[in-house]
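>>> Would you be able to build a 3D model of this:
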Amino acid sequence: MTDTQVYRVYIKATPEKIWDAITKPEWSQKYGYSGLVDFDLKVGGKHATHPTPDYVQAGFTSDLSDGEVLEVDPPRKLVVTWKLRMDPAFDKEPHTKLTYEIEETKTAGTRLTVTHDVTDAPTTAALVNGSQEDINAGPGENAGGGWAWILSDLKSLLETDAPLVPAAS
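Got it, this is the predicted structure:
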């Protein structure tokens, strides 16, 4: 059974800025679930999301996710395998396939399409589709919002220089 989820957002930013936000830790720590991405941007290269100090303080000391780079065409396309490592519930599932496509449009800024093939990974599918979101969670507790949350936060950050939820102080 194939299960492919597609998410699209239009962002008032250049393709290069969006690419950097996806592939550079100085950006990735500012939006979504705020891990520190580490990409070896070549076919066959590895990638991982390392914990920020806040994650370490919460007890997450190993990589949050990992995978392999399958295709890289900056700033237009990045295809990777991806697996969440934060929870043992995901250990039995295979790596999934994640595709980022970045296209400049003539009228609506830049279109970012995220396609996540979660075939044979039902636990991952449920997490990334946002069905586990707790809308009553406090600031910084938006776990479960999935790709919709991440892309909304990325859009806000790139367009306003501020994420949807300010960092806890």
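
>>> gap between the spatially most central residue of the chain and residue 42?
Per CA atoms, centre = their mean, the C-alpha nearest to the average position across the chain is that of residue 150, at 6.2 Å. Taking CB to CB, to the nearest Å as the measure, residue 150 and residue 42 are separated by 24 Å. All C-beta spots, glycine's among them, are computed from the backbone N, C-alpha and C.

>>> cool, and residue 31?
Distance from residue 31 to residue 42, counting by CB to CB: 25 Å.

>>> Give me the buried positions along the top helix by length along the chain.
Using DSSP state H to define each element, the chain has its longest helix at helix 146-160. Taking 16 or more other CB atoms under 10 Å as the basis for neighbour counts, the residues of helix 146-160 that come out buried are 146-158.

>>> And for stretch 73-80?
Applying a neighbour-count criterion of 16+ other CB under 10 Å, one finds 75, 78-80 buried in stretch 73-80.

>>> distance between it and the chain's centre?
Its chain's average C-alpha position is 14 Å from that of stretch 73-80, according to CA atoms, centre = their mean, to the nearest Å.

>>> can you give me the end-to-end distance of that stretch?
12 Å (CA to CA, to the nearest Å).

>>> from what I can see residue 75 touches residue 18, true?
Yes. With the criterion set as CB atoms under 8 Å, residue 75 and residue 18 qualify as a contacting pair; they are 7.0 Å apart.

>>> residues bridging contact with these two, i.e. touching both?
In the contact map built from CB atoms under 8 Å, 6 or more residues apart in numbering, the residues linked to both residue 75 and residue 18 are residue 102.

>>> So residue 31 and residue 42 - more neighbours on which side?
A count of neighbours by other CB atoms under 10 Å puts residue 31 above the other of residue 31 and residue 42, at 22 against 9.

>>> ok, which stretches of this structure are helices?
When secondary structure is read from DSSP H, the chain shows helices at 15-23, 25-28, 53-57, 122-128, 146-160.

>>> Which strands or helices does the longest one pack on?
Meaning helix 146-160. Using 3 or more CB pairs under 8 Å, 6 or more residues apart in numbering; DSSP states H and E as the contact definition, the elements that helix 146-160 packs against are strand 4-11, helix 15-23, strand 110-117, helix 122-128.
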